[in-house]
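Undergrad: Give me a 3D structure for the following:
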Amino acid sequence: MPVIEIDLPTIEEMVETPRETILDRVPMIGADVERIDGETAYIEFFPNRPDLFSIEGVARALKGFLGIETGLPIYNVKPPTTKLEIKPTVKEVRPHAVGAIVRNLNLNEKTIKTIMDLQEDLHWGLGRDRKKVSIGIHDLKHLEPPFTYQAVNPDTHPFKPLDHNQKMTPHEILKKHEKGQKYQEIIKDAEKYPIITDSTNQVLSFPPIINSQLTEVNTTTKEVFIDVTGTQKHSIEKALNIMVTALSERNGEIEKIELTGTKNQTTPNLKPTKRQINHQEIQKLIGNQITPEQAVKALQKMRYQAKNQQNQITVKVPSYRADILHDWDIIEDIAIGYGYQNIQPELPNTPGIGSSHPTEELGDKLRNIMTGLGYNEAMTLTLTNKQETQKIKQPTKNPVKIQNPISTDHTILRETILPKLIQILKLNRHRDLPQKIFEYGECFHNQENQIKECRHLTAIAIGRKMNYSQIKSHTETILRELDLNYQIKPKKQGPYIPGRAAKITINNQKIGEFGEIHPEIIQKHELNHPITTLEIEPEKIPKNQKNQ
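TA: Okay, here's the model as predicted:
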C-alpha cells in the first residue's frame, strides 16, 4: 500500500488544525500512521482511495471529516483554448488519451515532490504500474500548442528524455534509458510507439515510458499541461481528475482542453455523478440507529452532496473518487462519517454453532506439513490471464472468463497456482536464497459449462541446490503424512526438464505432479537459479484412502 509523506507544518496550515488532532483523526478515514520523523509523517493509505495519495487530497478529506469544510468540493473549470488531436494510429498500441491545463501555479521543491509522488502512486494504484494508465506533467512555457498524440516509427522523432542530455529515439530509450528498460515490456512488441508532440513537432512525452527533458517541471513553472494515456478510458479520466483537483487545492486554475480526432470532447469532466441510496439498505448494512438525517450529515463530512427525500437519499459523488463502484461503497463512507465508534455492536441472530469445514481441516494439516518442510505461505489473486499461464507452458484449456474485466491482466480465473508463485519469486529475486513458498488456494475449472471451484496445494522453491530429488522427497513426505497409497509415474509434458518430472496417481487417477522447472521458463521470468515445484489437488484423493 502507498505510504504518503505528509509535511506536518503544511497540513496544519491547509487544514487549520493542530497536528495532534490530525494524527489522531486521520486513521479514522482509512489510514495508518507508520511513523513520525521530525516534521514529516509517513501515513499508509488503502489503495482503493487514490485521491488520498497526496497531501492535498488528505487535507481535503480531513477538512470534511473534522467539520471544517463539508459537502461537495466545487472546482471552477475554464473553457478550452488548447487542442489535443488523437490520431487513429494509436488505436493498436495505447488507444485513449485525455488532458488538461492548470495555470497560476506557485511551486516550490516540496510541492513539486508532492506532485511527482502523486503521479507515481497513481501509476501504481490506478495504472497497474503504467500498463493501464500513465501520466505526463509538462511545463507549458517552452511548448507551442496544439498537441498531437500519435504512433510513430520507433526509430524516428529523437528527443532528450528526462535525466539524459543526449537525444534518443523511442527505440533507443527502451534499450538504453533506465525507465525504458524498466517499462519496455508494456509496448516493445508494438509496430509503432506512442508519442505526444506540439505544433513545432517537439516531443513532449513518450508514454508510458518517459517525458521530454524540455518540459521538466521546476520552481519557475507557472503553467502545466497534463496528459493521461492508457488502455481504459474510465481509469485515465479518474487519474486526470485526481491530478487536476489536487493542483486546484494549491490554488491552480483548471482549464479544459479540446480532444479532436477519434471523438471530439473536452476534458477534464469534473461533474459529480448522481446515485440514489435507500435508507433501508443503509440500516440493513450498518444498523437501525442511523437516521436519514444522520446519514446525510455523514456523507457531507465525507465530501459528498446529499439530500434526503422520503427516505431516499440523493447523493452526488465527487469526480475524483475512483473507488465508488457500488452503492455499498457509499454506505461504507456513511459508516466512516458517522463513526464506527458510535455503532453499537450486536451479536447476529444466527442459530447453531459453527464448526470447521473438512476442506479447511485438510488445509490446516497441509499448512502444518509445508511449514515443517521450511516453506512460507503466500496468498495470491485468483484472477489471471492466458499469457501468464502460457509463459510456463501450461496453456489454458477452457478457462472461466471474466465477462467485463477491468484490466487486461485479469481476464480469466486461474486453473493453476504455479504462475502466481513464479511471479512472487520474480518480485523477490533480489532477496537471499533459497526461497521456498506455497499456497493452498482456490482454482477454477470449466467442465461441460459447469464451473467447479476446488483447492490446490502448490509449492515452489528456488536455490542453487534445488533439484528433482529434493522436490520428490518433499512430495513423498506430504503423501506419507496424509497416509495415502500412491504411485509415482513419469510425466513428459508441462513446464519441466524432460526426465525430471512425475505425476502422482491413486487408483490410476492423477491427483498431482511435481518436477524441476525448465531453464527456458526460468530465464523468461528473469530468474537465474534452479526451481522446483509441486501441485496437488487434495479433493481428487479418494475418501478413506489409506496406505497399506
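Undergrad: Stretch 85-98: which residues count as buried?
TA: Across stretch 85-98, burial judged by 16 or more other Cβ atoms under 10 Å covers E85, I86, V90, V93, R94, P95, H96, A97, V98. For glycine as for every other residue, the C-beta is placed from the backbone atoms N, C-alpha and C.
Undergrad: tell me the contacts of the closest residue to H456 other than its chain neighbours?
TA: Spatially, and ignoring its direct neighbours in sequence, H456 is nearest to C443 (4.8 Å; Cβ to Cβ, 6 or more residues apart in numbering). Contact analysis of C443 by Cβ atoms under 8 Å, 6 or more residues apart in numbering lists T382, L413, R414, E415, T416, I417, E453, C454, R455, H456.
Undergrad: again, but for I531
TA: Residues near I531 by Cβ under 8 Å, 6+ apart: I422, L425, I460, A461, I462, M466, E516, I517, I522.
Undergrad: Please repeat the previous calculation with a cut-off of 7 Å.
TA: By Cβ atoms under 7 Å, 6 or more residues apart in numbering, the contact list for I531 reads I460, A461, I462, M466, I517, I522.
Undergrad: same check, this time on Q294
TA: Taking Cβ under 7 Å, 6+ apart, we find Q294 in contact with Y338.
Undergrad: in what helix or strand does it lie?
TA: Using DSSP states H and E, Q294 sits in helix 292-301.
Undergrad: What of E56?
TA: Counting by DSSP H and E, E56 is found in helix 55-65.
Undergrad: For that helix, name the packing helices and strands.
TA: Here helix 55-65 touches strand 3-7, helix 8-15, helix 19-25, going by 3 or more Cβ pairs under 7 Å, 6 or more residues apart in numbering; DSSP states H and E.
Undergrad: Do me a favour and average the pLDDT over the longest one.
TA: Right, the one you point to is helix 8-15. Mean pLDDT, computed over helix 8-15, is 95.
Undergrad: Give me the contacts around it.
TA: P18, R19, I22, E39, T40, A41, I55, V58, A59, L62, K63, I68.
Undergrad: do the same with the first one
TA: Residues outside strand 3-7 that contact it (Cβ under 7 Å, 6+ apart) are 34, 39-45, 53-55, 58, 110, 117.
Undergrad: Narrow the residues you listed to those in strands?
TA: E34, T40, A41, Y42, I43, E44, F45 (DSSP state E).
Undergrad: Just the buried ones from the contacts of C443?
TA: So, by 16+ other Cβ under 10 Å, the buried ones in the contacts of C443 are T382, L413, R414, E415, T416, I417, R455, H456.
Undergrad: In a helix, the last one, correct?
TA: Which is H456. No: with DSSP: H, G, I helix; E, B strand; the rest coil as the criterion, H456 is strand rather than part of a helix.
Undergrad: correct me, but it touches I417?
TA: Yes: in this structure, H456 is within contact of I417 by Cβ atoms under 7 Å, at 5.4 Å.
Undergrad: shared neighbours, those two?
TA: With Cβ under 7 Å, 6+ apart as the test, H456 and I417 both reach G441, C443, E535.
Undergrad: which other residues reach stretch 87-99?
TA: Contacts of stretch 87-99 (Cβ under 7 Å, 6+ apart): 84, 86, 148-151, 187, 190, 192-194, 207, 225-233, 236-237, 240, 257, 259, 261-262, 267-268.
Undergrad: next one: stretch 226-238
TA: 94-100, 102, 126-127, 132-137, 149, 194, 196, 205, 207-208, 239-240, 243-244, 267, 269, 322, 408.
Undergrad: Give me the subset of those that lies in helices.
TA: Counting by DSSP state H, the contacts of stretch 226-238 place A239, L240, M243, V244 in helices.
Undergrad: State the mean pLDDT of stretch 171-183.
TA: Stretch 171-183 comes out at a mean pLDDT of 94.
Undergrad: How about the contacts made by T267?
TA: T267 touches V98, G99, A100, E237, L240, K256, I257, L259, counting by Cβ under 7 Å, 6+ apart.
Undergrad: Does the last one belong to a helix, a strand or coil?
TA: Classification of L259 using three-state DSSP returns strand.
Undergrad: tally of neighbours for it?
TA: 21 (other Cβ atoms under 10 Å).
Undergrad: cool, and R464?
TA: 9.
Undergrad: Let me know the pLDDT of it.
TA: Predicted confidence (pLDDT) for R464: 91.
Undergrad: shouldn't it be in contact with H529?
TA: Yes: with contacts counted by Cβ under 7 Å, R464 reaches H529, the gap being 5.9 Å.
Undergrad: got a pLDDT number for A459?
TA: Looking at A459, the pLDDT reads 96.
Undergrad: what's the closest non-adjacent residue to it?
TA: F438 (3.9 Å).
Undergrad: Correct me if wrong, but that neighbour is in a strand.
TA: Yes: assessed with three-state DSSP, F438 lies in a strand.
Undergrad: residues contacting it?
TA: So F438 contacts M370, Y375, E377, A378, L457, T458, A459 (Cβ under 7 Å, 6+ apart).
Undergrad: before we move on, back to that, quick one: which of the buried ones among the contacts of C443 sit in helices?
TA: Per DSSP H, these never map to helices.
Undergrad: Going by distance to D155, which of those residues wins?
TA: R414 (39.1 Å; Cβ to Cβ).
Undergrad: could you check the distance from that closest one over to N428?
TA: From R414 across to N428, the span is 20 Å (Cβ to Cβ, to the nearest Å).
Undergrad: Check E237 too.
TA: 35 Å.
Undergrad: Who has more neighbours out of the two?
TA: Using other Cβ under 10 Å, the more surrounded residue of E237 and N428 is E237, with 20 against 13.
Undergrad: ok so the more buried one is a helix residue?
TA: Yes: under three-state DSSP, E237 falls within a helix.
Undergrad: If I look at it, what pLDDT would I see?
TA: Confidence score, pLDDT, at E237: 96.
Undergrad: Low-confidence stretches in the stretch 401-548 of the chain?
TA: Applying pLDDT under 70 to the stretch 401-548 of the chain flags the ranges 544-548.
Undergrad: Would you map the strands across it?
TA: Secondary structure of the stretch 401-548 of the chain (DSSP state E, counting those that start in this stretch): strands located at 412-413, 435-447, 450-462, 487-490, 496-506, 509-517, 531-536.
Undergrad: and among those, the most buried is which?
TA: Ranked by average neighbour count under the criterion mean count of other Cβ atoms under 10 Å, those are headed by strand 531-536 at a mean of 24.
Undergrad: now that strand against strand 450-462, angle please.
TA: Put simply, strand 531-536 runs at 150 degrees to strand 450-462, going by axes from the mean of the first three to the mean of the last three Cα atoms, to 10 degrees.
Undergrad: if we can go back for a sec, now the ones in helices among the contacts of stretch 226-238 as a markdown table including neighbour count and distance to L479?
TA: Compiled in a markdown table, the ones in helices among the contacts of stretch 226-238 are given as follows (neighbours: other Cβ atoms under 10 Å; distance: Cβ to Cβ, whole Å):
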| residue | neighbour count | distance to L479 |
| --- | --- | --- |
| A239 | 29 | 50 |
| L240 | 26 | 55 |
| M243 | 24 | 55 |
| V244 | 28 | 59 |
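Undergrad: which of these lies closest to K491?
TA: For the ones in helices among the contacts of stretch 226-238, the nearest to K491 is A239 (46.3 Å; Cβ to Cβ).
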